[in-house]
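> Sequence first, then the predicted structure:
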Amino acid sequence: MAIKGSLREASLPDVLQLLSMGLKTGCLSVTHRNNFGSIFFDRGRICFASIVNRRDRLGDILVKSGKLTQEQLDGAITAQSREPDTRLGDILVRDGVIARDALNQQVRVQIEEAVYFLFTWTQGTFNFEADVRPERQDFLVSISPDALLLEGARRVDEWSLIEKKIPTLDIVFELDRKRLTDSGANLTDDQQVVARLIDGRRDVQQIAEESGLVEFEVGKALYGLATAGFLHRVGTTRKSEPRIAGTRVEEHRNLGIAFYRTGMLDEALREFRRVVELKPGDDDARFHIGLVLARQGQWNDAATALNEAAAPRSAKGAVFHNLAYVLERLGRYDDARVALEEARARGLADEPRVLTSLGSISLWTGDAPGADRMLTEARQLFSDEQPTAAWFHAAALAASLCGDLERAHAILVEGIAEYPHAAPLYNNLAVVQERRGKYDDALAVADRGVQEDQGLAQLHKNLGDLYYRAGRADDALEHYDRAVKAFGAAGGADAHLKTGNIRLKRGERAAAIEAWERALTLDPSNAIARANLDAARRFS
């Protein structure tokens, strides 16, 4: 289930309650201006949350809660710089600075704070993608969204007041220290921490990062100081481009990756293009632009972007592998094969996905035995890893074309068990079942496939054929119509032919003639359509 919308129309708490009641598993992505957050669900309960480009506050939270000293945190951060793939929390536990249970409790607090901060976003968009899980997270929580709504509502109310003084986090303040001293005001602990960092140069976001406080606490402290007349706004940090250019590149890159992973492709494309604008020689951004365009089906533009990313000598094999996929979709099989061989030469010689792609190209170019050999070898290279859905698709086709329907059937049954939402696998299994003479099974499988993907043209066509064979004319017509709409001008001649046959049996001669004419337009060599059309015109 995909859920999309605007935060103006549906508040984040309402969306969370909807996902909770539906026992959904997946990722809810939320955008606000140039910010991006994610809340992950496991059967309706929050299991993780994060905000892109927001400094990891785990260490700060641990210091603030008294679980470790600043010196211990600094030492762990130094150790992490030598072990970039090791999490800060793992280093702290390994070195005996904190117990694992205490660390997990603080991770929970960190996740809750991220959700609370997202509650304050009243503008922007949200997008839920089912079955997406957090990456590289050893510790996941299990929190009922209802448990966070009361505190979240309180913070939203307070934040609506805070925003009147602090509408954005890039505002820079100066502190009237003389007036503050003369007033004898008693500052809260948070206000004292924040006041020390106000210097006319740091913005609100930087103060939050350096103070160890979350944005809500910083905003609340600044609101109190501003209301008392101790603060003066001096500008924003947006104009300081030279100082933050490098940071902006990484911010846009991180946002682009987050958008891409959660299926928000237009937003991802925008962010990667901003990276290229700020840093024209960034080939990684061009690579991601190519990936986004490919997922959008813009094959020619994707090929251009990936060719640019593949130009440097340092380009990695993954660039050529993805370029080959795009070239394959364009029907440029020879060029795709060259790109795949280059991918193998650049470190992917034993990558089963590359060999799967080579096998697929052999299929499309008519070498089914060669494809079968390559795909069998690719299966061995997957080793303990489950093969991709693309492998099951290609391997079953190769086995079928080699005349081994039983092996094709076994491959597809295994593939559907692993990828139960992959409609093309249901389509292929339906074809195999039909060729095995199991028409009822074929019909049931094809119908299940349509439930998974209403837009797969070939599946509607095959389902129409099965209904046509069974004499269920109404059902056949429905799926032929859907197939024709999905195929567009590029195909559907046989669907038009059989639609004409059904119309004629019903006595709808004019409609039958029109359908056969369309079939001939798409396939002028279709002798049956021409014969039917000639006969209909003679007796009309």
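Ah, there it is. Every value quoted in this text rests on a predicted model; they were computed, and no experiment measured them.

> mind listing the strands for the stretch 101-250 of the chain?
125-130, 171-175, 231-236 (DSSP state E, counting those that start in this stretch).

> so which of these gets nearest V338?
Smallest distance to V338 across the strands of the stretch 101-250 of the chain (C-beta to C-beta): 34.6 Å, for strand 125-130. C-beta coordinates here come from the backbone N, C-alpha and C atoms, glycine included.

> Where does pLDDT dip in the stretch 51-200 of the chain?
For the stretch 51-200 of the chain, the stretches flagged by pLDDT under 70 are 53-57, 65, 84-85, 136-139.

> oh sorry, the question was meant for the chain
1-2, 33-34, 53-57, 65, 84-85, 136-139, 238-247, 487-491, 540.

> now with 50?
1, 240-244, 489-490 (pLDDT under 50).

> Walk me through the domains of it.
3-159, 166-235, 240-349, 352-419 (automatic domain parsing).

> a markdown table please, covering the ones you listed and showing mean neighbour count.
Output for the domains of the chain, formatted as a markdown table (neighbours: other C-beta atoms under 10 Å):
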| stretch | mean neighbour count |
| --- | --- |
| domain 3-159 | 17 |
| domain 166-235 | 17 |
| domain 240-349 | 18 |
| domain 352-419 | 19 |
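
> got a markdown table for these, with distance to A535 too?
Output for these, formatted as a markdown table (distance: least, C-beta to C-beta, whole Å):
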| stretch | distance to A535 |
| --- | --- |
| domain 3-159 | 51 |
| domain 166-235 | 74 |
| domain 240-349 | 36 |
| domain 352-419 | 35 |
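
> Let me know which of those is the nearest to L425.
Taking those one by one with C-beta to C-beta, domain 352-419 is closest: 4.9 Å.

> quick one on the thing from earlier: so for A294, which of the strands of the stretch 101-250 of the chain sits nearest?
Among the strands of the stretch 101-250 of the chain, the nearest to A294 by C-beta to C-beta is strand 125-130 (18.0 Å).

> and that closest one, which strands flank it?
For strand 125-130, sheet partners with direction are given as strand 3-6 (antiparallel), strand 26-32 (antiparallel), following DSSP bridges.

> Columns distance to F320 on top of the strands of the stretch 101-250 of the chain, output as TSV?
As requested, these are exported to TSV (distance: least, C-beta to C-beta, whole Å):
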stretch	distance to F320
strand 125-130	28
strand 171-175	46
strand 231-236	43
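
> Quick one: closest of those strands to R373.
Across the strands of the stretch 101-250 of the chain, closest to R373 is strand 125-130 (C-beta to C-beta), at 36.8 Å.

> which outside residues touch the closest one?
The list of residues contacting strand 125-130 from outside it, by C-beta atoms under 8 Å, 6 or more residues apart in numbering, reads 1-7, 10, 12, 15, 19, 24-31, 262-264.

> still on that earlier bit, out of the strands of the stretch 101-250 of the chain, the one nearest A423 is which?
Nearest to A423, of the strands of the stretch 101-250 of the chain and by C-beta to C-beta, is strand 125-130 at 15.0 Å.

> Work out the gap between the closest one and the centre of the chain.
Offset of strand 125-130 from its chain centre (C-alpha atoms, centre = their mean, to the nearest Å): 10 Å.

> Please apply the same query to stretch 72-82.
32 Å.

> residue ranges for the helices of the stretch 351-500 of the chain, please.
352-364, 368-382, 389-401, 405-418, 423-435, 439-452, 457-469, 473-487, 493-505 (DSSP state H, counting those that start in this stretch).

> repeat for the stretch 151-300 of the chain
Under DSSP H, counting those that start in this stretch, the stretch 151-300 of the chain gives helices at 177-183, 189-197, 204-211, 215-227, 241-261, 265-278, 283-295, 299-310.

> Redo those as CSV? Include distance to A349.
As requested, those are exported to CSV (distance: least, C-beta to C-beta, whole Å):
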stretch, distance to A349
helix 177-183, 65
helix 189-197, 53
helix 204-211, 44
helix 215-227, 48
helix 241-261, 27
helix 265-278, 29
helix 283-295, 20
helix 299-310, 17
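
> among the ones you listed, which is nearest K164?
Of all the helices of the stretch 151-300 of the chain, it is helix 215-227 that lies closest to K164, at 8.3 Å by C-beta to C-beta.

> who touches that closest one?
So helix 215-227 is contacted by 113, 116-117, 120, 155, 158-159, 161-162, 165-166, 169, 173, 175, 180, 187-188, 190-191, 193-195, 204-205, 207-208, 211, 213, 231 (C-beta under 8 Å, 6+ apart).

> switch the cut-off to 7 Å
Applying C-beta atoms under 7 Å, 6 or more residues apart in numbering, the contact partners of helix 215-227 are 116-117, 155, 158-159, 161-162, 165-166, 169, 173, 188, 190-191, 194-195, 204, 207-208, 211, 231.

> hang on, the earlier thing: same list (the helices of the stretch 351-500 of the chain) but as CSV, adding distance to A512.
Below are the helices of the stretch 351-500 of the chain laid out as CSV (distance: least, C-beta to C-beta, whole Å):
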stretch, distance to A512
helix 352-364, 35
helix 368-382, 37
helix 389-401, 33
helix 405-418, 35
helix 423-435, 26
helix 439-452, 25
helix 457-469, 15
helix 473-487, 12
helix 493-505, 4
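
> just checking, H393 touches N428?
Yes: here H393 reaches N428: they are 6.4 Å apart, a contact under C-beta atoms under 7 Å.

> shouldn't A422 be in contact with T388?
No: taking contacts as C-beta under 7 Å, A422 lies outside contact range of T388: 9.9 Å.

> what's S211 in contact with, if anything?
The contact partners of S211, by C-beta under 7 Å, 6+ apart, come to 193-194, 197, 218.

> nope, G370 is what I meant
S362.

> re the thing from before, okay, the strands paired with strand 125-130 in CSV with distance to R248 next?
As requested, these are exported to CSV (distance: least, C-beta to C-beta, whole Å):
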stretch, distance to R248
strand 3-6, 26
strand 26-32, 17
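
> The ones you listed: which one's closest to R337?
Evaluated with C-beta to C-beta, those place strand 26-32 nearest to R337, the distance being 36.0 Å.

> just the angle between the helix or strand just after the closest one and strand 125-130, please?
Scanning forward in sequence from strand 26-32 by DSSP states H and E, the next helix or strand is strand 35-42. Orientation check (axes from the mean of the first three to the mean of the last three C-alpha atoms, to 10 degrees): strand 35-42 against strand 125-130 gives 30 degrees.

> Neighbouring strands of strand 35-42 in the sheet, and parallel or not?
strand 26-32 (antiparallel), strand 45-51 (antiparallel).

> circling back to that earlier point, of all the helices of the stretch 151-300 of the chain, which one comes closest to R133?
Among the helices of the stretch 151-300 of the chain, helix 241-261 comes nearest to R133, with 10.8 Å by C-beta to C-beta.

> Just the endpoints, please. Distance across stretch 35-52?
7 Å (C-alpha to C-alpha, to the nearest Å).

> quick one: contacts of that stretch?
So stretch 35-52 is contacted by 19-20, 22-30, 111, 114-115, 117-118, 133-134, 137, 140-145, 254-255, 258-259, 262 (C-beta under 7 Å, 6+ apart).

> ok, Y325 to P387 distance?
16 Å (C-beta to C-beta, to the nearest Å).
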